[in-house]
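Visitor: heads up, no residue letters with this:
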Ligand SMILES: NC(=O)C1=CN([C@@H]2O[C@H](COP(=O)(O)OP(=O)(O)OC[C@H]3O[C@@H](n4cnc5c(N)ncnc54)[C@H](O)[C@@H]3O)[C@@H](O)[C@H]2O)C=CC1
Ligand SMILES: CC(C)CC(=O)C(=O)O
Ligand SMILES: [Mg+2]
């Protein structure tokens with residue numbers, strides 16, 4: 001099979017981990033006789049530097065012609081406080097391609113159970129999927145501005161019925177092929193948007209009689225997620241809550257550096273990126289964990305190209321390398337061997 005992938009390495013550790021994903025894809029292509037062509041484009045801070053635009057037109061055009069998009073991460077202190085911000089590029093690409101469903105699987109590798117700061121007895125058996133709404137809510141609502149000469153400020157949380165319905169359906173579909181347990185997370189005791197969200201979840205639940213649904217307020221859900229993570233199967237929630245809960249969930253798996261994600265639209269186009277940011281504190285040191293990025297490439301193979309065997313081969317290789325005690329410095333594997341980003345990538349490739 002021939003597939004054309006646009007890579008958007010971005011800023012900070014983005015380019016380092018993107019090199020890892022490209023090397024793994026090359027090796028998978030050779031092993032399974034596929035041809036993956038890649039074409040790199042600018043997004044985020046580096047795009048501001050080169051084009052004075054966090055999402056240049058040529059990046060959008062290249063993505064429009066691609067079979068799938070891989071993204072590293074954007075942002076960094078260099079651009080903080082400026083008029084143009086790297087994160088605007090990320091929000092804009094999600095909106096442009098209508099990538100409303102952000103799937104964030106939180107699966108714990110056996111060998112990382114003791115890597116979590118949580119007790120092994122708590123994290124054991126955790127396997128959940130956060131379905132986060134990605135193109136609306138507080139991150140996109142207008143107005144969003146300072147007022148009264150800087151004495152007040154407004155951000156706006158809006159959702160249309162259609163926007164809630166499509167993400168809720170996606171979550172029910174996801175739960176249907178998993179353990180059939182859906183937790184909808186909101187703040188319905190305070191927010192009108194959450195009350196509407198709840199109503200819609202209840203309406204759509206009648207179409208999925210096999211799926212058990214419950215509602216949880218976000219504050220309690222945040223507590224339950226780290227005290228009893230194996231309770232959850234699929235969590236569906238709005239943009240901001242999903243952003244926060246998924247970073248929290250990474251504690252279960254031992255590091256933010258190992259979690260991948262897929263952002264999908266209703267036409268089958270996917271953008272795949274790790275859930276973490278550009279980690280400027282460790283950029284250019286060859287010490288970033290490339291696993292979240294590599295597993296995002298594996299999600300791309302499965303979700304965009306239907307390559308289940310190839311995707312599983314990557315996941316198995318990662319599992320084997322971790323089980324052999326190899327780690328990057330963010331992971332706390334007892335008596336593990338510390339590797340650089342490039343060494344970890346090579347180990348994973350040689351396990352394929
Ligand atoms: N999707 C994206 O492009 C995202 C971008 N950001 C941006 O990234 C920049 C930094 O944000 P932070 O709040 O520091 O969040 P971050 O996720 O970049 O880093 C948080 C902590 O986790 C560590 N970390 C993250 N990924 C790692 C990896 N692969 N291997 C080892 N350690 C890793 C970092 O070193 C840091 O200590 C900001 O400009 C922010 O806006 C933040 C989140 C997502
Ligand atoms: C710019 C942010 C919305 C990125 C982020 O934190 C995320 O998508 O997880
Ligand atoms: Mg985030």
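Guide: Cool, got the structure. Just so it is clear, the model here is predicted, and its values are computed rather than measured. Residues are numbered from 1 along each chain as shown. Ligands and ions are numbered 1, 2, ... in the order given.

Visitor: how about the longest strand seen in the chain against ligand 2, any contact?
Guide: Assignment by DSSP state E gives strand 2-10 as the longest strand of the chain. No - judged by C-beta under 6 Å from any ligand atom, strand 2-10 stays clear of ligand 2, getting no closer than 11.0 Å. All C-beta spots, glycine's among them, are computed from the backbone N, C-alpha and C.

Visitor: Which stretches in the stretch 251-352 of the chain count as strands?
Guide: Using DSSP state E, counting those that start in this stretch, the strands of the stretch 251-352 of the chain run over 262-264, 270-272, 326-327, 337-338.

Visitor: The longest strand of the chain pairs with which strands, parallel or anti?
Guide: With DSSP bridges as the test, strand 2-10 is paired with strand 35-40 (parallel), strand 68-73 (parallel).

Visitor: Outside of the last one itself, which residues are in contact with it?
Guide: With C-beta atoms under 8 Å, 6 or more residues apart in numbering as the contact definition, strand 68-73 has outside contacts at 3, 5-15, 17-18, 21, 38, 43-44, 63, 90, 93, 97, 269-274, 276-279, 293, 296-297, 300, 304-305.

Visitor: Wondering if it reaches ligand 1 at all.
Guide: Yes - residues of strand 68-73 are located near ligand 1 by C-beta under 6 Å from any ligand atom, namely residue 73.

Visitor: orientation of the helix or strand following that strand relative to strand 2-10 in degrees?
Guide: Using DSSP states H and E, the helix or strand that follows strand 68-73 in sequence is helix 86-96. Put simply, helix 86-96 runs at 150 degrees to strand 2-10, going by axes from the mean of the first three to the mean of the last three C-alpha atoms, to 10 degrees.

Visitor: So for helix 86-96, what gets flagged as buried?
Guide: Buried residues in helix 86-96, counted by 16 or more other C-beta atoms under 10 Å: 86-95.

Visitor: Which positions in the chain make contact with ligand 2?
Guide: Counting by C-beta under 6 Å from any ligand atom, the chain sits next to ligand 2 at 87, 90, 139, 243, 275.

Visitor: wouldn't the fourth one be in contact with residue 132 here?
Guide: Yes - Residue 243 lies in contact with residue 132 (C-beta atoms under 8 Å); the separation is 6.8 Å.

Visitor: re the thing from before, from the buried residues of helix 86-96, which is closest to ligand 2?
Guide: residue 87 (3.8 Å; C-beta to the nearest ligand atom).

Visitor: residues in contact with the closest one?
Guide: Counting by C-beta under 8 Å, 6+ apart, residue 87 has contacts 44, 54, 74-75.

Visitor: confidence score at it?
Guide: What the model reports for residue 87 is a pLDDT of 98.

Visitor: gap between stretch 38-58 and the chain center?
Guide: Distance of stretch 38-58 from its chain centroid, counting by C-alpha atoms, centre = their mean, to the nearest Å, is 21 Å.

Visitor: Helix, strand, or coil at residue 43?
Guide: coil (DSSP: H, G, I helix; E, B strand; the rest coil).

Visitor: circling back to that earlier point, tell me the most buried of the strands paired with strand 2-10?
Guide: Of all these, strand 68-73 has the most neighbours on average by mean count of other C-beta atoms under 10 Å, namely a mean of 27.

Visitor: Close to ligand 1: what parts of the chain are there?
Guide: 13, 73-76, 87, 90, 256-257, 273, 276-282, 288-289, 292, 330.

Visitor: List buried residues within those residues.
Guide: 13, 73-76, 87, 90, 256-257, 273, 276-280, 282, 288-289, 292, 330.

Visitor: mind listing which of those are in helices?
Guide: 87, 90, 292 (DSSP state H).

Visitor: Need those in TSV (columns: distance to residue 28).
Guide: Formatted as TSV, these follow (distance: C-beta to C-beta, whole Å):
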residue	distance to residue 28
87	31
90	26
292	17
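
Visitor: Please name the residues that touch residue 283.
Guide: Residue 283 neighbours (C-beta under 8 Å, 6+ apart): 11-13, 16, 76.

Visitor: biggest separation within these, which pair?
Guide: Spatial extent of the contacts of residue 283 (C-beta to C-beta) is set by the pair 16 and 76 at 13.4 Å.

Visitor: Alright, calling it a day.
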